[in-house]
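Colleague: make a model of this:
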Amino acid sequence: MQEWAQRLDDADIALTRETRAHLRERQHRFGQAASHLQRLKPTAQLALRREQLAALTSRLRLLSPDNVLARGYSITTDAATGEVIRDAKAVQAGQVLKTRLRTGEVESVVRKV
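Modeller: Alright, predicted model coming up:
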């Protein structure tokens, strides 16, 4: 009789352990599903998109030509075509250039040295 009682206690302990493990697993899955649903909410998606838009806007502002000019750089173009000059070899003596600065523009004529 005592042996049967011990077996019953062992079975009870094993069943309790398995039930708790199963419950923990279900709670974990429920938490994941709730988190996933939270991310899919329109308000959460909108907030995420606004943050992404703000970051992209900031990046774009930093890379804008006006910001580059404000840091002391200039943009030089061919006065006739408006094409940006990127290489000194691309210009010829006598060619008219337009240089855009932070405040205004200047024209110049190329003189090869």
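
Colleague: how far does the helix or strand His36 falls within sit from the chain's center?
Modeller: Taking DSSP states H and E as the definition, His36 sits inside helix 2-40. Its chain's C-alpha centre lies 40 Å from the corresponding centre of helix 2-40 when counted by C-alpha atoms, centre = their mean, to the nearest Å.

Colleague: repeat that for stretch 102-113.
Modeller: Its chain's C-alpha centre and that of stretch 102-113 lie 38 Å apart, by C-alpha atoms, centre = their mean.

Colleague: what about that stretch, how long is it end to end?
Modeller: This stretch, stretch 102-113, spans 27 Å end to end (C-alpha to C-alpha, to the nearest Å).

Colleague: which residues touch it?
Modeller: By C-beta atoms under 8 Å, 6 or more residues apart in numbering, the surrounding residues in contact with stretch 102-113 are 69-70, 72, 79, 91-99. The C-beta positions use only the backbone N, C-alpha and C, and glycine is treated the same way.

Colleague: so which of those residues sit within helices?
Modeller: Under the assignment DSSP state H, the contacts of stretch 102-113 contribute Leu69, Ala70 to helices.

Colleague: closest to Ile13 out of the contacts of stretch 102-113?
Modeller: Compare each of the contacts of stretch 102-113 with Ile13 using C-beta to C-beta and the shortest gap goes to Ala70, at 74.1 Å.

Colleague: for Pro65, see how far away Leu23 is.
Modeller: Leu23 sits 61 Å away from Pro65 when distances are taken as C-beta to C-beta, to the nearest Å.

Colleague: same question for Thr57.
Modeller: Here Thr57 is placed at a distance of 16 Å from Pro65 (C-beta to C-beta).

Colleague: now do the same for Leu40: its pLDDT.
Modeller: Among the per-residue scores, Leu40 holds a pLDDT of 82.

Colleague: that one and Ala34, how far apart?
Modeller: 11 Å.

Colleague: again with Thr16
Modeller: Using C-beta to C-beta, one gets 26 Å for the distance from Thr16 to Ala34.

Colleague: again with Glu83
Modeller: Distance check for Glu83 against Ala34: by C-beta to C-beta, it reads 57 Å.
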